[in-house]
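In: Okay, predicted coordinates and the sequence, questions at the end:
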Amino acid sequence: MLYSEEIYNWNLVFMRSIGYLGNRRRAYFLLSLPVLICFGAIYGTYKMWSDFDKVIINLFKTSGLLTVTLRSFVIIQKEKKLYDFFDYISQLYRELQAEGDETTLKRMHEFARKTKRYTKGLFILMIACTFYISLIQVMSTFGIGLKKFLIEMELPFISVNENPYWDIFSTLQAVWLAPSILLSYISYLCIIFTTISFGILLMKDLQFKLGNMNEKNDLEAYEYIKNCVKQHVMIIKYHRQMEVLFSLGSCAEVCNFCIIPCVIIVYSTMDYDLAFLMTDIQLAVIAVSSTFFNFWLANNFCVESLNIAYAAYNSNWIDRNKEFRKYIVLIMTMSQKPLQLTAAGLKPINMEFFLAILRAAYSLFTVLQ
């Protein structure tokens, strides 16, 4: 098994099973309903524009649905680039394996084992949330509880709030829309989290190698530092490929996250149905927690890229020969520029930006109060 398939195991299985990777016809069929619901939700938001509470809540759900739907189309269109990226990860593993460093290989296998376990746990948790959300919508379809769509929608030439259209669209949202969208969402997030975490692993491994050179003689250290430079170049290339594949999706995630505080504030001032409140809280918690971990991992990625320069500086290079010192200077020079993950190249994703969003949310809360 390729190393990329080992660390992306559950995610690749899911992406292939729904056709995002390898079966476009099946993928487009599954995305036909989300596209229709997106259109209906946008049109419905326009129709209810005078009702502030409903507009804010529907904007949150619609933005999330639109984000996941557009992201799914991007994955389908970038299928070849994704496979090339996965092949590059496997190539990185083979090159590190060829060096024969047992400590590095042990860390990479441990990373693969933990990744598979955590991904499995997240999928199980998301399946439980999806089951609850779908169950509430099915109960609503059969007249148990409040008659309400998961995502409020209207269509120009169909009265979707009257039977039989109400039953049809409510059932479709429960058994088709919710599972496909939520599981696609968590699968994509797991791919991002795994990708960033693997980059952090590579940088920590490089720092360990740089700190481990003090025990080697000049000849061994010279060969070792050349491998370190090679690994650093691979990390920089790895970062560039990540930006090409995931920066646009991160931008959509940030934009969606900005609406969540508004939803929470609105809910605190309105009458609501408890069952649907729990559904919306679950969606908000999923969005907030996933965005936080995305920012936190991206922030660590940037910090670890800078720590490579400190590890190189502390590698006892003063007592080495001239050729060795050239490579050390090269590593320190390349490490001066942090490897930042960005939202479509507009804003670096880090904890400072995350706190800025929270401060803006609190300011909005005080204004509305």
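Out: That came through, no problem. Numbers count the residues shown, from 1 in each chain.

In: Leaving aside the residues adjacent along the chain, what's closest to Y43?
Out: Across the structure, with Cβ to Cβ, 6 or more residues apart in numbering as the measure, the residue nearest Y43 apart from its sequence neighbours is E154 (5.5 Å). Where you see a C-beta, it was placed from the backbone N, CA and C, and this is true even at glycine.

In: For that neighbour, give me phi and psi.
Out: Backbone torsions of E154, given as degrees, to the nearest 10, read phi -140, psi 150.

In: Enumerate every residue touching it.
Out: For E154, the residues meeting the contact criterion (Cβ atoms under 8 Å, 6 or more residues apart in numbering) are 40, 43-44, 47, 160-161.

In: Among those residues, which one is most surrounded by other residues?
Out: Of all the contacts of E154, the highest neighbour tally under other Cβ atoms under 10 Å goes to G44, namely 23 neighbours.

In: got the contact list for that residue?
Out: Counting by Cβ under 8 Å, 6+ apart, G44 touches 58, 152-154.

In: Flag the least confident of these.
Out: Lowest pLDDT of these: N58, 79.

In: Isn't that residue up against I42?
Out: No. Counting by Cβ atoms under 8 Å, N58 stays clear of I42, with 9.2 Å between them.

In: The two - which one has more neighbours?
Out: When neighbours are counted by other Cβ under 10 Å, N58 comes out ahead of the other of N58 and I42, with 21 against 17.

In: Name the helix or strand for that one, please.
Out: Using DSSP states H and E, N58 sits in helix 52-77.

In: Work out the gap between that helix and the centre of the chain.
Out: Put simply, helix 52-77 sits 15 Å off its chain's centre (Cα atoms, centre = their mean, to the nearest Å).

In: Kindly format the C-alpha coordinates of whatever helix or strand comes next after it as PDB.
Out: Following helix 52-77 in sequence order, the next helix or strand is helix 79-99 (DSSP H and E). As requested, C-alpha coordinates have been extracted for helix 79-99 and formatted as PDB (Å, rounded to 0.1, in the frame of the first residue of the first chain):
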ATOM      1  CA  GLU A  79      -8.800  15.100  -9.300                       C
ATOM      2  CA  LYS A  80      -5.500  14.700 -11.200                       C
ATOM      3  CA  LYS A  81      -3.700  17.300  -9.100                       C
ATOM      4  CA  LEU A  82      -4.900  15.600  -5.900                       C
ATOM      5  CA  TYR A  83      -3.600  12.200  -7.100                       C
ATOM      6  CA  ASP A  84      -0.300  13.900  -8.100                       C
ATOM      7  CA  PHE A  85      -0.100  15.400  -4.600                       C
ATOM      8  CA  PHE A  86      -0.800  12.000  -3.000                       C
ATOM      9  CA  ASP A  87       1.900  10.500  -5.200                       C
ATOM     10  CA  TYR A  88       4.300  13.200  -4.100                       C
ATOM     11  CA  ILE A  89       3.600  12.300  -0.400                       C
ATOM     12  CA  SER A  90       4.400   8.600  -1.200                       C
ATOM     13  CA  GLN A  91       7.600   9.800  -3.000                       C
ATOM     14  CA  LEU A  92       8.600  11.800   0.100                       C
ATOM     15  CA  TYR A  93       8.100   8.600   2.200                       C
ATOM     16  CA  ARG A  94      10.200   6.500  -0.200                       C
ATOM     17  CA  GLU A  95      13.100   9.000  -0.200                       C
ATOM     18  CA  LEU A  96      13.100   9.200   3.600                       C
ATOM     19  CA  GLN A  97      12.800   5.400   3.700                       C
ATOM     20  CA  ALA A  98      15.900   5.100   1.400                       C
ATOM     21  CA  GLU A  99      17.900   7.100   4.000                       C
END
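
In: relative to helix 52-77, how tilted is helix 79-99?
Out: For helix 79-99 and helix 52-77, the angle between their directions (axes from the mean of the first three to the mean of the last three Cα atoms, to 10 degrees) works out to 60 degrees.

In: So, low pLDDT: which residues of the chain?
Out: 1, 145-146, 258-259, 261-276, 364-365, 367-369 (pLDDT under 70).

In: Let me see the contact set for the residue most central in space within it.
Out: For the chain, the residue lying nearest the average C-alpha position, counting by Cα atoms, centre = their mean, turns out to be L189 (3.1 Å). For L189, the contacting residues are 122, 290, 294, taking Cβ under 8 Å, 6+ apart as the criterion.

In: Which one of the residues you listed sits in the busiest neighbourhood?
Out: Among the contacts of L189, the one with the most neighbours (other Cβ under 10 Å) is N294, at 23 neighbours.

In: my read: it touches E253, true?
Out: Yes. Here N294 reaches E253: they are 6.4 Å apart, a contact under Cβ under 8 Å.

In: Buried residues of the strand or helix carrying the residue nearest to the centre of the chain, list them for me.
Out: Using DSSP H and E, L189 falls within helix 178-211. Neighbour-count burial for helix 178-211 flags 178-207, 209-210 (criterion: 16 or more other Cβ atoms under 10 Å).

In: Many thanks, have a good one.
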